[in-house]
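>>> Give me a 3D structure for the following:
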Amino acid sequence: MVGVASHRIILEDLAVDVDIGFHPLEVGIPQRLLIGVEVTLDPATFPTEDSAAAAWDYDVIHRGIHAVVARRRFNLQETLASEIFAMIAARPGVLALTVSIRKPDVYPDVRAVGVVLSSRPA
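I've put the predicted structure just below:
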């Protein structure tokens, strides 16, 4: 029988409007970002029972990201990704983490431009 090798939770393509960018045409004009998170959890913190009390609450990540983007404007996606990464990495039970941020509306011939920060090797 195959056993579980890792315990991960994901948040995929959270759409947020953020005042981000260093070009004059970007400043003060919120842009749509798509944010993704993948958290690998310590198996000891992964729920073993079907109850809300045992859950690793997605709302904490969701609300946390909204709080980070609402705090201030950002010049760089890298800075925003770093702040989100630090917020999630500080939670108990996080063994590995990947945060991706994409701007989907920059170029008409490109799906998105963005950054990925990961504690996993490339």
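
>>> so which helix or strand takes in the nearest residue to Ala112 once chain neighbours are set aside?
Nearest residue to Ala112, sequence neighbours excluded (Cβ to Cβ, 6 or more residues apart in numbering): Arg102, at 3.7 Å. Any C-beta I mention is one placed from the backbone N, CA and C, and that applies to glycine too. Secondary structure assignment for Arg102, by DSSP states H and E: strand 94-103.

>>> Which neighbouring elements make contact with that strand?
strand 31-41, helix 77-89, strand 113-118 (3 or more Cβ pairs under 8 Å, 6 or more residues apart in numbering; DSSP states H and E).

>>> what's the most buried one of the ones you listed?
strand 31-41 (a mean of 19; mean count of other Cβ atoms under 10 Å).

>>> Mind giving me the packing neighbours of that one?
The helices and strands touching strand 31-41, judged by 3+ Cβ pairs under 8 Å, 6+ apart, are strand 7-18, helix 58-71, helix 77-89, strand 94-103.

>>> Could you single out the most deeply buried of those?
Neighbour counts (mean count of other Cβ under 10 Å) averaged over each of the helices and strands packed on strand 31-41 peak at strand 94-103, with a mean of 20.

>>> Neighbouring strands of that strand in the sheet, and parallel or not?
strand 31-41 (antiparallel), strand 113-118 (antiparallel) (DSSP bridges).

>>> any idea how far the residue nearest the centre of the chain is from Thr79?
Centroid-nearest residue in the chain: Val37, 3.7 Å away (criterion: Cα atoms, centre = their mean). Plainly put, Val37 is 17 Å away from Thr79 if you go by Cβ to Cβ, to the nearest Å.

>>> Could you do Leu33 as well?
Leu33 is 13 Å from Thr79, by Cβ to Cβ.

>>> quick revisit: just tell me which of the strands paired with strand 94-103 ends up closest to Gly93.
Evaluated over these, closeness to Gly93 peaks at strand 31-41, with 5.0 Å, by Cβ to Cβ.

>>> quick one: contacts of the closest one?
6-21, 56, 61, 65, 69, 77, 80, 84, 88, 93-105, 112, 114 (Cβ atoms under 8 Å, 6 or more residues apart in numbering).

>>> rerun that using 6 Å as the cut-off
Contacting residues not belonging to strand 31-41 are listed as 6-18, 20, 61, 65, 93-105 [Cβ atoms under 6 Å, 6 or more residues apart in numbering].

>>> Alright, that wraps it up for me.
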